[in-house]
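Engineer: Need coordinates for the below:
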Amino acid sequence: MVMNTESRKSLTIVLKLGTSSICDEVTHLPHLANLSHIVETIVKLKSLGHRVVLTTSGAVGIGMRALNVDVKPPELAKKQALAAVGQSKLMSLYEDLFSMFKQPTAQILITKGDLADRTRYNNARDTFEELFKAGVVPIVNENDTISVNEIRFGDNDTLSAITAGMVHADYLFLLTDVDCLYTDNPRTNPDAKVVSKVTDIEQLKKEVNVATPGSSVGTGGMVTKLIAAELATSAGVHTVITRGSEPERVFDIIEHYEGGDNGKKASVPLHTCFIAKSVPMVDRKWWILHGIHTAGTVVVDEESANKLATDPSALSSSHILRVDGQFVPNQGVSIAVEKPINKNGEVGTVMVGKGLVNYSSKELDRIKGCKEAMVSKLLGYNVSPLVVERENYVTLV
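Structural biologist: Okay, here's the model as predicted:
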């Protein structure tokens, strides 16, 4: 079905294509027919006036084929070498396919470290905007060649969600090797039921089994898709899981929701749609929560934790109980409280927020538990009366 675009707005759409949709799990040969189908779908979406980003996996899988490697190695350096070989071949493949339609593309390689700096985050967002204006399809992948574990997205589901939030997308499509999310693995449990629409992800986690791992050449699974959905929906992005070998489903699914029936039409293809938050997090707050690396944890007393939901200035040095990890000023840290986590009264650390701190871990360790008036005496200076500025704090309670 082709979308009826009369009276329809132009949408920003991010498509995420997993490794299993790009190359064979055993031979690592590219699925040329499927890739061609994806490209045709993107070109058609573009012709309908939509802005489209393709987030792609597959560099390691393509590199394995090029170097005759049968099993993905566990060593980071070896995987990075395979990605270095495969990335250029993957982009060459996309370029050849898109050039058949005279559709220009651009390669964007990102690490989480790139987005941890607010200036670089804004520059990346501005680059996407200029590419959209020029009619270019950005093709995004994690920069596996230089990423280290501390700054990796971990899988391209997360990367696609970060990208969708950055470009203020309307839809994120996670194109995978299953039709949708089920209450259990349909390959092993015939009684597994389809989950078609999700408005509460936390409740969903209690009701479904998503422990199935990804393919032998990929890194994700259904768990990573739930994480991606959480990230994207909090930024106001509808997130859809559907089968990547039938990308034309995208048209019917968009028509299904944009046509005004709000997911009630019976003829829509199998999919799971995670509905975007009605009040999305503002861009800077979302960046703090999801875009920056968490370098450590500041554990506060319960009184301060309760006040932080409405007043970040409640976090003063006198309320700090403990500082975990090492960090410098303006790095991201979790703000947490120690409280009972089960009926037995066992105490655990519960994250209540995240923010950019004004003081280093060493400085906070020296002034923890001290009144504000003592800060200058202990440190010899007073950067700010606040541990975290109001605009640099995101509450989770």
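Engineer: Would you agree Thr239 is in contact with Ala228?
Structural biologist: Yes: counting by CB atoms under 8 Å, Thr239 touches Ala228, with 6.7 Å between them. Yep, even glycine has a C-beta here, placed from its N, CA and C like the rest.
Engineer: Give me the more crowded residue out of the two.
Structural biologist: Thr239 (31 against 28; other CB atoms under 10 Å).
Engineer: host element of that one?
Structural biologist: Using DSSP states H and E, Thr239 maps to strand 238-243.
Engineer: what packs against that strand?
Structural biologist: strand 171-176, helix 222-234, helix 249-258, strand 272-274 (3 or more CB pairs under 8 Å, 6 or more residues apart in numbering; DSSP states H and E).
Engineer: Tell me the confidence at Gly113?
Structural biologist: Gly113 is assigned a predicted lDDT (pLDDT) of 71.
Engineer: about what we covered before: common neighbours of Thr239 and Ala228, please.
Structural biologist: Contact criterion CB atoms under 8 Å, 6 or more residues apart in numbering; residues bridging Thr239 and Ala228 by contacting each: 161, 172, 174.
Engineer: that older thread, direction included, what does the strand holding Thr239 pair up with?
Structural biologist: Strand 238-243 has its sheet partners listed here by DSSP bridges as strand 171-176 (parallel), strand 272-274 (antiparallel).
Engineer: Okay, angle between it and helix 249-258 too, please.
Structural biologist: 140 degrees (axes from the mean of the first three to the mean of the last three CA atoms, to 10 degrees).
Engineer: Contacts for strand 238-243, please.
Structural biologist: Contacts for strand 238-243 (CB under 8 Å, 6+ apart): 161, 164, 170-181, 225, 228-229, 232-233, 249-250, 253, 257, 269-276.
Engineer: Could I have the PyMOL command that selects the buried members from those?
Structural biologist: Those of those that count as buried under 16 or more other CB atoms under 10 Å are selected in PyMOL with:
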select buried, resi 161+164+170+171+172+173+174+175+176+178+179+180+181+225+228+229+232+233+249+250+253+257+269+271+272+273+274+275+276
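Engineer: rank the helices and strands packed on strand 238-243 by mean pLDDT and give me the bottom one.
Structural biologist: helix 222-234 - the lowest mean pLDDT of the helices and strands packed on strand 238-243, at a mean of 88.
Engineer: For that one, enumerate the helices and strands it packs against.
Structural biologist: When contacts are defined as 3+ CB pairs under 8 Å, 6+ apart, helix 222-234 packs onto helix 156-166, strand 171-176, helix 201-207, strand 238-243, strand 272-274.
Engineer: between it and helix 156-166, how big is the angle?
Structural biologist: Here helix 222-234 runs at an angle of 0 degrees relative to helix 156-166 (the same axes, to 10 degrees).
Engineer: worst-scoring helix or strand of the protein, pLDDT-wise?
Structural biologist: Sorted by mean pLDDT, DSSP states H and E, the helices and strands of the chain end with helix 112-116, the least confident at a mean of 74.
Engineer: After that helix, which helix or strand is next?
Structural biologist: helix 118-133.
Engineer: What residues of that following helix count as buried?
Structural biologist: Those would be 121, 124-125, 128, 131-132, for helix 118-133 by 16+ other CB under 10 Å.
Engineer: C-terminal to it, what's the next element?
Structural biologist: Using DSSP H and E, the helix or strand that follows helix 118-133 in sequence is strand 137-142.
Engineer: Not counting sequence-adjacent ones, nearest residue to His50?
Structural biologist: Using CB to CB, 6 or more residues apart in numbering and skipping the chain neighbours, the partner closest in space to His50 is Leu11 (4.8 Å).
Engineer: all strands for the stretch 251-397 of the chain, in order.
Structural biologist: 272-274, 294-300, 320-325, 332-340, 347-357, 388-395 (DSSP state E, counting those that start in this stretch).
Engineer: would CSV of the ones you listed with distance to Asp117 be doable?
Structural biologist: As requested, the strands of the stretch 251-397 of the chain are exported to CSV (distance: least, CB to CB, whole Å):
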stretch, distance to Asp117
strand 272-274, 29
strand 294-300, 13
strand 320-325, 19
strand 332-340, 11
strand 347-357, 11
strand 388-395, 14
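Engineer: Those strands: which one's closest to Pro190?
Structural biologist: Set against Pro190 and scored by CB to CB, the strands of the stretch 251-397 of the chain come closest in strand 272-274, at 18.9 Å.
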